[in-house]
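In: give me a 3D structure for the following:
(chains A, B, C and D)
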Number of protein chains: 2
Amino acid sequence: MKSDVVPPEVESPVKRPRGRPRKTVDERDDGNRRQALLAHAAQLFRRKGFDATTTRDIAAAAGMQSGSPFYHFKSKDALLYAVMEEGMRSALARQLTTTQAPGYSDLSAADQLRLLVAAHFSVLLGPGSDFVPVMLYESRALPVRQRKSLALLIGKYESLWLPVLNSLHASGQLRAPVRLARLLILGALNWTVQWFDPKKGASLQELTDAAMSLFLKEC
Amino acid sequence: MKSDVVPPEVESPVKRPRGRPRKTVDERDDGNRRQALLAHAAQLFRRKGFDATTTRDIAAAAGMQSGSPFYHFKSKDALLYAVMEEGMRSALARQLTTTQAPGYSDLSAADQLRLLVAAHFSVLLGPGSDFVPVMLYESRALPVRQRKSLALLIGKYESLWLPVLNSLHASGQLRAPVRLARLLILGALNWTVQWFDPKKGASLQELTDAAMSLFLKEC
DNA sequence: CCTACCGATCGGTAGG
DNA sequence: CCTACCGATCGGTAGG
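Out: Numbers count the residues shown, from 1 in each chain, chains lettered A, B, ... in the order given. Just a heads-up that it's a prediction; the model follows:
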């Protein structure tokens, strides 16, 4: 197919007043259209993976034409990064409201860990939780630059677990080295994305109980 | 500039009669070329993911031209499946030689679990271990038909853990429900693919010790 | 296993 | 945000 048929009717006398919108920013804040794109992108990235999801898929899911996502995001990578950043932001916010709630510091270390685990599961498996799983399982698709930027947030999130784990290690309820214990515990939690189905089997509560009784000695 | 570089030694009189080889089979067993394709595919699938790896990448890594992988595998999907099947086959073989070794049944349940964990880590993180990680992290890319076929092998592998875990549960060394415990434990182990680096940090031995002391009560 | 392709698709863009 | 594209790439194949 060559360039032969140009429809002559598409000639508007009134051009756009000030040219096209700036393209130098990664995204524009045009309200809910951008949010809709993010939510559908998160869902599709989670279900099919980043590479197997086309920008056309995302546009169609949001009710747009194929080129329109690029009005809101300058590239597919930028969309992925926005999804992941939103995921980390919500995970961090959730964790902070947990640890800063009144009475948290009065709890036993075991109960503190239980709250952290429950919050982690909630943001990972609860309703509307597509952003964090995408961050966990698709970060390989991210350019190195942005991966490092995300690593800062991840490091902050992981460091929030250390005081509790140190305390449990000191009291003998956690015997494994704290650094390895944190990696193994978070691994067990993160892997639930692969098999947990809220509509059948165990509840989030039972899952949290099982994790606690698996990790802690309390004897 | 094409028909002059045919090495005369590959011209076997009994080789191929004429025409092209049958295409009805998924693969042909032509020895090490097929194995080389599999190994390079496993490595690339693991590092970049299935969708981000092109059949041209694989061909180049194996020193072939872009169309040649399709002489050995009828599709990119067939290559992925072959990698995964090889992964599961080696994992099962490893696990069976562990549990059927002389003296295994005389060990304590805790020591039996330790052997299973060590074998799992070996096949997951040891030298030349690209096949199992691909199976763990890329099965979403597999057509449903073949995914179900793999699920049989996976179920068999997972069921091998149940006797040991049941025994530990009965003796109080494992308090979590066995079904959930198995999922959480294997999750913790499988996630090590994301962070374990054999060239720095802990050794496989230390990793196994940490996992055992994290999961078991031994009190 | 190579050469020489093809049809389809995809990320992205010009211009409005 | 839509229309109408393009250049590049990719899985796969015909024929030897």
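In: when you work out contacts or count neighbours from here on, use the C-alpha atoms and nothing else.
Out: Fine.
In: so is the strand or helix carrying A:A59 next to chain B?
Out: Assigned by DSSP states H and E, A:A59 belongs to helix A:55-61. No - using C-alpha under 8 Å from any C-alpha of the partner chain, helix A:55-61 stays clear of chain B, coming no nearer than 15.1 Å.
In: what comes up buried for the helix or strand just after that helix?
Out: Later in the chain than helix A:55-61, the nearest helix or strand by DSSP H and E is helix A:69-72. Of all the residues in helix A:69-72, those buried under the rule 16 or more other C-alpha atoms under 10 Å in any protein chain shown are A:69-70, A:72.
In: how about the nearest residue to the residue of chain A found nearest chain B, chain neighbours excluded?
Out: The nearest approach of chain A to chain B comes at A:A188, 3.9 Å away (C-alpha to the nearest C-alpha). Spatial nearest neighbour of A:A188, excluding adjacent residues (C-alpha to C-alpha, 6 or more residues apart in numbering or on different chains): B:A188 at 3.9 Å.
In: where does A:K199 land in three-state SS?
Out: Recorded secondary structure, A:K199: coil (DSSP: H, G, I helix; E, B strand; the rest coil).
In: if we can go back for a sec, quick one: is the helix holding A:A59 near DNA strand C?
Out: Yes - using C-alpha under 7 Å from any atom of the strand, we find that helix A:55-61 touches DNA strand C at A:55-56.
In: and that helix, which residues are buried?
Out: Using 16+ other C-alpha under 10 Å as the test for burial, helix A:55-61 gives A:55, A:57-61.
In: I'd like the average pLDDT over that helix.
Out: For helix A:55-61, the mean pLDDT works out to 98.
In: contacts for it?
Out: The set of residues external to helix A:55-61 that reach it, using C-alpha atoms under 8 Å, 6 or more residues apart in numbering or on different chains, is A:37, A:40-41, A:44, A:65-69, A:76.
In: picking that back up, which of the buried residues of helix A:69-72 lies closest to A:D111?
Out: A:H72 (43.3 Å; C-alpha to C-alpha).
In: coming back round to it: highest neighbour count among the contacts of helix A:55-61?
Out: A:A41 (29 neighbours; other C-alpha atoms under 10 Å in any protein chain shown).
In: where in chain A is pLDDT low?
Out: Across chain A, the ranges flagged by pLDDT under 70 are A:1-30, A:219.
In: A:R147: neighbour count?
Out: Using other C-alpha under 10 Å, the number of residues around A:R147 comes to 15.
In: which helix or strand contains it?
Out: Following DSSP H and E, one finds A:R147 within helix A:144-159.
In: report the buried residues of that helix.
Out: Per 16+ other C-alpha under 10 Å, helix A:144-159 contains these buried residues: A:150, A:153-154, A:157.
In: surely A:L44 touches A:A62?
Out: No - A:L44 lies out of contact with A:A62 (C-alpha atoms under 8 Å); the separation is 11.2 Å.
In: thinking again about what came up before, so after the one helix or strand the residue of chain A closest to chain B maps to, what's the next helix or strand?
Out: Per DSSP H and E: A:A188 is located in helix A:178-195. Sequence order places helix A:204-215 as the next helix or strand after helix A:178-195, per DSSP H and E.
In: by how many degrees do that next one and helix B:178-195 diverge?
Out: 70 degrees (axes from the mean of the first three to the mean of the last three C-alpha atoms, to 10 degrees).
In: so A:A188 touches B:L184, yeah?
Out: Yes - using C-alpha under 8 Å, A:A188 makes contact with B:L184 at a distance of 4.9 Å.
In: was I right to think A:L204 contacts A:P198?
Out: Yes - A:L204 sits in contact with A:P198 when judged by C-alpha under 8 Å, with a separation of 7.4 Å.
In: the two: who's more crowded?
Out: Higher neighbour count among A:L204 and A:P198: A:L204, with 17 against 12, using other C-alpha under 10 Å.
In: show me the contacts for that one.
Out: A:L204 touches A:118, A:121-122, A:198, counting by C-alpha under 8 Å, 6+ apart.
In: try it again with 10 Å
Out: By C-alpha atoms under 10 Å, 6 or more residues apart in numbering or on different chains, the contact list for A:L204 reads A:118, A:121-122, A:125-126, A:196-198, A:210.
In: returning to what we had before: for the residue nearest to A:A188, grab the count of nearby residues.
Out: Counted with other C-alpha under 10 Å, B:A188 comes out at 23.
In: that one reaches B:M212, doesn't it?
Out: No - assessed by C-alpha atoms under 10 Å, B:A188 is found out of contact with B:M212, at 11.4 Å.
In: tell me the phi and psi of A:D130?
Out: With angles defined as degrees, to the nearest 10, A:D130 shows backbone torsions of phi -110, psi -20.
In: check which helix or strand covers the nearest residue to A:A109 once chain neighbours are set aside.
Out: If the residues on either side of it in the chain are set aside, A:A109 comes closest to A:V164, at 5.8 Å by C-alpha to C-alpha, 6+ apart. Secondary structure assignment for A:V164, by DSSP H and E: helix A:162-170.
In: could I get the contacts of A:L204 as a markdown table with distance to A:L216?
Out: Listed next are the contacts of A:L204 as a markdown table, based on distance: C-alpha to C-alpha, whole Å:
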| residue | distance to A:L216 |
| --- | --- |
| A:A118 | 15 |
| A:F121 | 18 |
| A:S122 | 21 |
| A:L125 | 22 |
| A:G126 | 24 |
| A:F196 | 22 |
| A:D197 | 25 |
| A:P198 | 25 |
| A:A210 | 10 |
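In: one step back: in this structure the residue of chain A closest to chain B contacts B:A211, no?
Out: No - in this structure A:A188 lies outside contact range of B:A211 using C-alpha under 10 Å: 11.1 Å.
In: what is in contact with the two at once?
Out: With C-alpha under 10 Å, 6+ apart as the test, A:A188 and B:A211 both reach B:185, B:188-189.
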